[in-house]
Structures are given as structure tokens and as C-alpha cells.
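>>> Take a look and give me a structure for this.
(2 chains)
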Amino acid sequence: MADPTNHANAANPLPVATVDDVKRINPLVPMKARVTRIIEETSDVKTFCVSTIGEDGMPAAPFHTGPGQLAMLSLPGVGEAMFSATDAPDHLQISIKKVGLLTEQLHEICEGQTVGIRGPYGNGFDMEAMKGKNVLFIGGGIGLAPVRSVVRYCVDHREDYGNLHLIYGARTYDDLVFKYDLFETWPKVPDFKVSVTVDRGDDNWKGNVGFVPAFIEQLHPSPENTVCILCGPPIMIKFTLGVLDKLGFTPENVITTLEMRMKCGIGKCGRCNIGSCFVCLDGPVFSLAQLKLLPNEY
Amino acid sequence: MKAFPKDKLTAVLDTLAKQATLWVPAIVAGVSRFAPYGPGREVQLGANTVMSPKEALFPATEKIYEYSAYGIDGEFTPVDPSVGPQILFGLRSCDMQGILCLDDVFLTRGYVDDYYAKKREEATLVTLGCVTPGPDCFCYAMGVNPAEHAASDAQLFDLGDAYGIVARTAKGEALVSALETAGLLSESDKAPLPTGDFVLKVDAEGITEKLQHMFDHPLWDAFSRKCLNCGACAYICPTCHCFDISDKKRNAHCGIKIKCWDTCMYSEYALMAGGHNPRPSKKERVRQRFMHKLRYFPERYGKLQCTGCGRCIAKCPVNLEITDVIQQVREAKIDG
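Numbering: from 1, shown residues only, chains lettered A, B, ... in the order given. This next block holds a predicted model:
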């Protein structure tokens, strides 16, 4: 199974807008973009490949998003919302679960649809600070989307990071997102261990059955020189944090990405604050140590 | 200082209205607010307005771009944020301070909100020193000087039978020289009338530091029991800056995107698709309002986000008064 999202042309990099360009342009008005490809991940998750259209009619990346950064995707006449974005050489990939009015409409669109895109927003993961360390990725359900942006970065800069280990779980085999990465691409990467579990087994699934926190305990990853990148549903996070603590991971080395309702993306409209931080500007990436300093309101 | 007699006010306003859209405190359809000056406008310089002047720079509803959608095709067309030159005449110190809070939000921290920035750049702000504080005023407790505000472009002083005017910036000098050219100004050696006594006594010393230890304090339950989450406080507040961005459809194919006032008092404000709400009940929302004004904003921008204008005290339907919150927080015991 080849990566169906990879239609990059690495030999011919395209000029892209920088964050400064985005600031210079009105940051609240989207750039016109096009959905060039839609990948059905599961029954309720689709990955949308989004490009602006260059003067030559070929796809041009609207902007680069660093691992963990966000992009505001809008469907004209329906609305807009903030999503975690994954950078690909000539486009952005945004994986969206059907949860509300906008996302239901997005699941109805076809390839070629014009959308609006603005960003990138947020701090993203500090990939420099993680250099030379082992990385433990833990994801649950659609939470693998932001984690995947970091995984891809580590794979692309393989020599900068130590051993990689992904522990991922979803309800059933059908609910696992990015199967082409989980079972084809990533297991071939040197020193990259991929461990997948499902809550409920079925005939399609030959691997581990059980919840993510229990699976982590069973796998017993070492905290030695290791940063843990964690993203998933709140209930999974809650029990996983207990396990990580038991294993000896310090709050400084557990890093997660938060979700909040956002409108402006630039720290003005007010709604995504946690204490005096705005998740759209100062987040969405926080270490557990940072979160402990903030009011428990997210 | 240079001055004009109070009976020349209309001539002064007529002169200024020729240069720019002139916002004056007035009664419009029974509501006390800042409104563009024009024939028949009932100007009220005696007391501050019920609505804050923020709408001149940050309109309650503002078009930010147009969109069209035909099948798979669509377009986004930005709207010019400029509204041309504006003069805000007769701002009180509290409201000038409110504009400084809006400046922090909309013009700093890496991103600029173009819609606010353009209007702010085009505006000349003329403040008026207060002589008689209203019954709900407490600006002095929030570090604001009611007699004058150093950040305005020009300052008016009540000299009894005349208004003195002092320019502070190039924009202010241009405004004063326009009045001079029109022959409206003369020299006066009278001193400004002093600001009278404040009825409301408040001490907010150390409020930010105290609140840093009170996120889980039972006081928030007590405060929120009263609150109706009506949001009136946020709409009349000179510093509340939260906004929503939403679609307004013209027809099936096109419409406009608008930026409009919003408030943390509303249950849907932070509600996410999928149903999670980090501030699910009144308690969290009331706490957010007061924490934002008195703790989070000072932590982020180094100044209180309350200017002591007293509007929310005057208009709260259940008398949930910020001054009472300040006092109870200061008196509260903290465990541990």
C-alpha cells in the first residue's frame, strides 16, 4: 500500500509563503485553495489534501506548517474551523473527523472543491529541543493526526533523533487512521517500532486488543533520554498520564497538543484562553509541566 | 491655555465635522452613546455615555470579506478596513484607557488586526477631563487619572464657562490649528475645574496577585448564582474585545463574513463541535470574566482590563458589581 497522499515533486520545490507573509497579508482573510485529493481513512475520518493554485495552474503550498501547527479551513457559505495540519512538500494534509455541521459538510465535498485556508497558527512542537532524543509517540483515535505531523518530521530528519516508538490505538481496526503509514511506511523506517492496539478485536485484526494505557504498561517504554508526544481523547490522556508517571516520565518530557474553540487564530477574539495563555498563539503544544502552571480549564 | 467659550461648542463641532467623521457623546433614540455628529444631534458632554465609544474603532458588526460559492468554485474578496478619518470628541479618561487595552489586544503580540489598526490609525482622540464623577465611577482605583489622559491626541479641560484645549500629538495639533484658523480659540488663564469626590470607594491594590491563588475558591459559586449570563456588561464595556467570526448568507451562492462582538458570558462561546465545553456552567463563565479583567489581562499585557468606568455596575440587572467582586476577593481567606 503506497502512501496515496504523496504526490510531491521533491526535485522542484515550490515557493511558499512564510509566516511573515501571512502576517503582512490580512490574517483574517483566507487564501483561496483547492482540495486536490480526499482519502477516506475510516467511516468518519477523511484526509483532505489542500493546495493553493499557482499561476501555472499547478498545486502550490499555501504555507508551511511546522509539526503540531494549525490551519483554519473554510468552506464558503458554511463556516470555518481550526484543524491540526500536516505539512507535505506541495500541499497541506488535514484529517477531519465528522463531529459537527461544518465537518459533515466537508465530508460531502468532492476533489476539486474550492476552500479557504489561513494560517499557520500556533507554536508547534519544538523539534530543535528534541534533537538527539528518543521519541515515544502515543496516539488515540483521530489524535494520531497531530502526532503524525511530528512522526513525519522525525522520519524526514531521521539522523537527528534517536529510537522512535509509536503506540497507537482506536476502537476497532476500521477506526485506525493512516493505515498506509502504520502498516507500510513507518515499519520500514530504521529503529522505528510501531505498536498498534484496538479496543475491540474482530476478524480483520490479528494484533493486540486492549486500551492504550494498558498497552503502554505492557510495552513498558523506557523514559531514558525520551520525549513523549501524546494526543488523544481526554479519557485516554487521563489514564495514560498515570501510566507515564509510573514509568518515570517527567512532566517536562511529556508533550501534548490541546484543542479549543477558535475563531481568529491570532490571539484577539478571546475564546481559546487558558488563564493568560491563548491556545492559538502560545499553544496548542504544551508540556505537562507547562500545563500544571495553568488553570485546569480545557 | 487655548480655549473656546462653551456657547461656541456648536461652531467647534461644525468645524471639526467638516474634516472627519466626528463622534460625539449624544442621546440617540433614547440611548446614550457616541454617535456621528450631524444636524439635530443632541450632544451630551455633562456625563459619560451608557454605551462605550469602542464601536468607533471596533464596530459591533463589521464586514471582513465577501465570499461566493458556485459548485466547486469559490472566491474570497477582502473588504477595505478603512472608514476614513474620524475624530472621537469628549472621551473620558476611563474610555481612553479602554482604547489602550484594545490597542494591546489588536496591535501587539505578533499579529495586527487590520480592521482595528486602520481605524485606530485614522482616528484623532480628544479626551475631556471629568469634573463630576458619576455614582458608579471608580477610575482612580484602576490607576486612571480622571482629570486628563496622557495618551490622547488632544485634551479638553472644563474651565467653567469655556473649554481649554491642549494638543499632545501631531494629530492633536492639526485639530487645534483648524479651530484656530476658524477663529474659535482665544487664550485663557483660568485653571481647570478640579475633579469632585468619588462616591464609590474601592481599593484594588494587589488584586492580580491575590487572584492567582483563587481559581478554585468557593467565591465563584456565590458570584455566579446571581449572574444571568445576559452579557450586557461585555457589550457596554470599553475594554471587552472578544468577537465572533461568522457567515451571513446573501443567497445560496454568496454572502459576507462578519466580525461581531461576542462574550465569554454565553454558553456557546467556547463550545466545541462534538460537545465539549471547557466552561460549561455559569460558574466558569463568571470566573472567566473577572479573572480575565483582573488577573489574566494584567499578566499578559501589564495593565488591568477594567478602567473603572462603572457602566457594568450601572447596567447589571442583578447588581453583580465588579467593585463588590474586588472587595470580596481582597477579603477572602485562602486555604493553605
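>>> Any idea how many residues pack against residue 172?
If you meant another chain, say so; for now it's chain A. 16 (other CB atoms under 10 Å in any protein chain shown). (Glycine included, C-beta is placed from N, CA and C.)
>>> my bad, chain B
Count around B:G172 with other CB under 10 Å applied: 20.
>>> helices and strands around the helix or strand that contains it, which ones?
Using DSSP states H and E, B:G172 falls within helix B:170-181. If contacts are counted by 3 or more CB pairs under 8 Å, 6 or more residues apart in numbering or on different chains; DSSP states H and E, helix B:170-181 sits against strand B:2-5, helix B:9-17, strand B:123-128, strand B:154-158, strand B:162-167.
>>> any idea which helix or strand comes after it?
strand B:186-187.
>>> Would you list the strands that that next one pairs with, along with their directions?
strand B:2-5 (antiparallel) (DSSP bridges).
>>> Give the buried residues for the partner strand.
By neighbour count on 16 or more other CB atoms under 10 Å in any protein chain shown, the buried set for strand B:2-5 is B:2-4.
>>> can you check stretch B:280-293 too?
Judged by neighbour count using 16+ other CB under 10 Å, the buried positions of stretch B:280-293 are B:282-293.
>>> do the same with stretch B:140-159
Under the neighbour-count criterion of 16+ other CB under 10 Å, stretch B:140-159 has B:140-142, B:144, B:146-149, B:152-159 buried.
>>> again, but for stretch A:244-258
Quick answer for stretch A:244-258 (16+ other CB under 10 Å): A:244, A:247, A:249, A:253-258.
>>> Could you dump those residues into JSON lines and include distance to B:T127?
Formatted as JSON lines, the buried residues of stretch A:244-258 follow (distance: CB to CB, whole Å):
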{"residue": "A:L244", "distance to B:T127": "56"}
{"residue": "A:L247", "distance to B:T127": "61"}
{"residue": "A:F249", "distance to B:T127": "56"}
{"residue": "A:N253", "distance to B:T127": "52"}
{"residue": "A:V254", "distance to B:T127": "51"}
{"residue": "A:I255", "distance to B:T127": "48"}
{"residue": "A:T256", "distance to B:T127": "47"}
{"residue": "A:T257", "distance to B:T127": "45"}
{"residue": "A:L258", "distance to B:T127": "41"}
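>>> Let's see which of those residues end up in strands.
A:254-257 (DSSP state E).
>>> Kindly indicate which of those residues lies nearest A:E159.
Distance to A:E159, by CB to CB, is smallest for A:I255 among those, at 21.4 Å.
>>> And the nearest residue to B:K283 once chain neighbours are set aside, which helix or strand is it part of?
Excluding the flanking residues, the one nearest B:K283 by CB to CB, 6 or more residues apart in numbering or on different chains is B:S224, at 4.3 Å. Element membership for B:S224, per DSSP H and E: helix B:219-226.
>>> pull the CA atoms of that helix into CSV?
What follows is helix B:219-226, C-alpha atoms only, in CSV (Å, rounded to 0.1, in the frame of the first residue of the first chain):
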residue,chain,number,x,y,z
LEU,B,219,-16.5,32.7,46.0
TRP,B,220,-17.1,32.0,42.3
ASP,B,221,-20.1,29.8,43.2
ALA,B,222,-21.6,32.6,45.1
PHE,B,223,-21.0,35.2,42.4
SER,B,224,-22.3,33.0,39.6
ARG,B,225,-25.6,32.3,41.4
LYS,B,226,-26.6,35.8,40.7
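>>> for stretch A:165-181, what is the average pLDDT?
Stretch A:165-181 comes out with an average pLDDT of 97.
>>> Could you measure from B:K171 over to B:E148?
Distance, B:K171 to B:E148, by CB to CB, to the nearest Å: 17 Å.
>>> now A:Y173
A:Y173 sits 71 Å away from B:E148 when distances are taken as CB to CB.
>>> how much does the longest helix seen in chain B deviate in direction from strand B:154-158?
Longest helix of chain B, by residue count under DSSP state H: helix B:93-107. Between helix B:93-107 and strand B:154-158, the angle comes out at 160 degrees (axes from the mean of the first three to the mean of the last three CA atoms, to 10 degrees).
>>> Measure how far helix B:93-107 is from the centre of its chain, please.
Averaging C-alpha positions (CA atoms, centre = their mean, to the nearest Å) puts helix B:93-107 7 Å from its chain's average.
>>> before we move on, what about stretch A:283-298?
Here the centre of stretch A:283-298 is set off from its chain's centre by 18 Å, with CA atoms, centre = their mean.
>>> Report the rounded mean pLDDT for it.
The model assigns stretch A:283-298 a mean pLDDT of 94.
>>> Can you list the buried residues in it?
In stretch A:283-298, counting by 16+ other CB under 10 Å, buried: A:283-288, A:290-291, A:294-295, A:297-298.
>>> The residue of the stretch 101-250 of chain A found nearest chain B and B:G206: what is the separation?
Nearest residue of the stretch 101-250 of chain A to chain B (CB to the nearest CB) works out as A:T114 at 3.7 Å. A:T114 is 54 Å from B:G206, where distance means CB to CB.
>>> I'd like the buried residues of stretch A:283-298 laid out as a markdown table, including distance to chain B and secondary structure.
Output for the buried residues of stretch A:283-298, formatted as a markdown table (distance: CB to the nearest CB, whole Å; DSSP: H, G, I helix; E, B strand; the rest coil):
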| residue | distance to chain B | secondary structure |
| --- | --- | --- |
| A:G283 | 13 | coil |
| A:P284 | 13 | coil |
| A:V285 | 16 | strand |
| A:F286 | 14 | strand |
| A:S287 | 19 | strand |
| A:L288 | 18 | helix |
| A:Q290 | 15 | helix |
| A:L291 | 13 | helix |
| A:L294 | 10 | coil |
| A:P295 | 5 | coil |
| A:E297 | 5 | coil |
| A:Y298 | 5 | coil |
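>>> I'd like these written out as TSV, with distance to A:G141 added.
What follows is the buried residues of stretch A:283-298, written out as TSV (distance: CB to CB, whole Å):
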residue	distance to A:G141
A:G283	20
A:P284	17
A:V285	19
A:F286	20
A:S287	22
A:L288	20
A:Q290	24
A:L291	21
A:L294	24
A:P295	26
A:E297	23
A:Y298	18
